[in-house]
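Undergrad: Got a sequence here, can you model it:
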Amino acid sequence: MKPSILFGLLLPLSITACGRKSAPLRPDGRTEVPQRPPSNRPARVREPAAAGNFYPADPATLRADVHGFVSNAKKQVGASVRVVLMPHAGYQYSGAVAAASVKQLDPGFERVVIIAANHSSEARFSGVSVDTATHYRVPGLEVRVSDAVQDLLGRSGFVDVPAAHTTHVIEIELPFLAEVNQKPFEIVPLVVGQISRVAAKTLAADLSRLLDARTRIIFSIDLSHYHSYDEAVRLDKQCLAAIEQADAEDIDRCVTDATPLLSVMNELAVLQGTSPRLVMYTNSGDVTGDKARVVGYGAIAYEDVYRLADREQQAILDLAKRSVETEVREGREMDVPATVLARFPRLGTTRGAFVTLKKHGELRGCIGTLKAMQPLAQDVVTNAVNAAIHDPRFSPVRPDELADIAVSVSVLDVPRPLQGVTGDALAKKLGAEHPGLIIEYQGRRSTFLPQVWDELPEPVEFLGHLCRKQGSPAACWREPAARFESYGAQVIGEGKK
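TA: Numbers count the residues shown, from 1 in each chain. As a prediction, the model looks like this:
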């Protein structure tokens, strides 16, 4: 039996394994939406502040312009998206980027939280201001403000500063949202004043509580302002890379009109287990040809998948290596450095992981956790120790072996039941997809990581070995009582093969 085929012994907790909107139009061209005021509040419509300036004042022209922008935008993501970064400049400058951003959102939403930084020179405040209007109006469209604003005003850190809501940064997103959605929606308009890093985490938690299946969140933010073209491109690309890498230290260095909000966005990704993806970047110089005083615009979509970026991968691999060395040389489990989680907060997302050790290409230890129960960084540190010292198939790693040990980490997706496919059809499906697999049969469970397919490429052989790993007959996978779960894994490090 090949050594790596041993991936899959069972332990209870740590285990070895290696369009068009559907809302009708009234005769005057305005979108028909429910006009009742939110409960217990007299109606107060917030009139448009930027119509005829940042976007057309004529309803028909506005609809046509937005439709054109959205029609030209491409859906670039395959996973679900409920959170995006979206610019708020005049449509002639940032309309294409705004459309690219909103095009990535899952349609069918009923509520949108739109959050921007304070752009009013007449408002100076700390915390988050909640607009208490009952409706927002732009040409041809009137949108109801959600009753959720009243709940937020009862929370610490939320305030009512009317002057903060007099600029364009919320309203300008509404025509795009109406264009891509299939039904009327309501909004939660938020403008952020001064905010600390601690308050940013608290705000991310408040937003996470609002982010249900019917809700989307727009971070309304423009990038660098009024630099030369080359300097703007340099600053913007550094910032967008920091967001994609989820690097909190570099995000803090971003030059934008709402950099503290980028930290909120990053912390929200921690809580939701989502991953940022750059959709589009351009700047006013690209659009107008005037490259003297440039403003940058970016579209970022947060996909409902958990994939570590390059810098996060390196950080998690370094943790695994240092954990093995600390345990083997000093006989103790190291603590996760606070500096690592401060810079890469997504490593604090609850996730299961396996740590695999190989020596000269042969398996030397592999233990992990299928069911996520603790932050990923801690799971990696713990399982690195277990793989080096407590894998029952091997003697503990010795200090003199460390130079020859290659370490890899498999970060697991949440296992999902495989239903409705059995027998040869199951084998065919697995052979095509090569997922990680869990078999449960007569109270026993065993698993192989996705990379075991490199050792066992034939599905029947793969399934047979996995049955035998739990002490069941090789054909247990054909039994009606057998149950299956599949999962993906992101493999990081030196011992991938």
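Undergrad: Please make it C-alpha for all contacts and neighbour counts, starting now.
TA: Fine.
Undergrad: how about the helices in the chain?
TA: Counting by DSSP state H, the chain has helices at residues 59-72, 91-102, 148-153, 174-180, 197-210, 229-244, 248-251, 259-272, 284-288, 310-330, 338-343, 376-385, 423-433, 459-469.
Undergrad: which other residues reach the longest one?
TA: It stands for helix 310-330. Contact with helix 310-330 is made by 245-247, 332-334, 336, 340, 344, 347, 355, 377, 380-382, 384-385, 388-389, 397-399, 402, 407-409, 492-493, as judged by Cα atoms under 8 Å, 6 or more residues apart in numbering.
Undergrad: Ok, the fifth one next?
TA: Contact partners of helix 197-210, identified using Cα under 8 Å, 6+ apart, comprise 127, 157, 260, 261, 263, 264, 265, 267, 268, 271, 272.
Undergrad: nearest to residue 115, of those?
TA: Nearest to residue 115 among the contacts of helix 197-210: residue 261, at 8.4 Å, using Cα to Cα.
Undergrad: ok, back up a step: redo the helices of the chain as CSV? Include mean pLDDT.
TA: Below are the helices of the chain laid out as CSV (pLDDT from 0 to 100):
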stretch, mean pLDDT
helix 59-72, 98
helix 91-102, 98
helix 148-153, 94
helix 174-180, 98
helix 197-210, 95
helix 229-244, 98
helix 248-251, 97
helix 259-272, 96
helix 284-288, 95
helix 310-330, 97
helix 338-343, 96
helix 376-385, 97
helix 423-433, 95
helix 459-469, 96
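Undergrad: and among these, the most buried is which?
TA: Most buried of the helices of the chain by mean neighbour count (mean count of other Cα atoms under 10 Å) is helix 376-385; its value is a mean of 27.
Undergrad: So what are the structural domains in this structure, by residue number?
TA: Listed domain ranges for the chain are 7-17+309-412, 45-303, 416-490 (source: automatic domain parsing).
Undergrad: still on that earlier bit, which ChimeraX command selects the buried ones in the contacts of helix 310-330?
TA: Buried members of the contacts of helix 310-330, defined by 16 or more other Cα atoms under 10 Å, are picked up in ChimeraX with:
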select :245,246,247,333,334,336,340,344,347,355,377,380,381,382,384,385,388,389,397,402,407,408,409,492,493
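Undergrad: Can you list which of the contacts of helix 310-330 are found in strands?
TA: Within the contacts of helix 310-330, residues falling in strands by DSSP state E are 355, 407, 408, 409, 492, 493.
Undergrad: Return the closest of the residues you listed with respect to residue 75.
TA: Comparing those against residue 75 with Cα to Cα picks out residue 492 as the nearest, at 28.6 Å.
Undergrad: Is the closest one bridged to anything, and to what?
TA: Counting by DSSP bridges, residue 492 is bridged to residue 409.
Undergrad: For residue 335, see how far away it is.
TA: According to Cα to Cα, to the nearest Å, residue 492 and residue 335 sit 21 Å apart.
Undergrad: Kindly report the same for residue 43.
TA: 55 Å.
Undergrad: between those two, who's got more neighbours?
TA: Higher neighbour count among residue 43 and residue 335: residue 43, with 16 against 12, using other Cα atoms under 10 Å.
Undergrad: surely the more buried one meets residue 136?
TA: No: the criterion here is Cα atoms under 8 Å, and residue 43 misses it with residue 136 at 10.9 Å.
Undergrad: hang on, the earlier thing: could the contacts of helix 197-210 go into CSV alongside distance to residue 187?
TA: Listed next are the contacts of helix 197-210 as CSV, based on distance: Cα to Cα, whole Å:
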residue, distance to residue 187
127, 19
157, 19
260, 22
261, 18
263, 22
264, 19
265, 18
267, 22
268, 19
271, 22
272, 21
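Undergrad: Grab the nearest non-local neighbour of the residue nearest the centre of the chain.
TA: Of all residues in the chain, the one closest to the mean position by Cα atoms, centre = their mean is residue 274, 1.8 Å from it. Closest residue to residue 274 apart from its sequence neighbours, by Cα to Cα, 6 or more residues apart in numbering: residue 304 at 4.8 Å.
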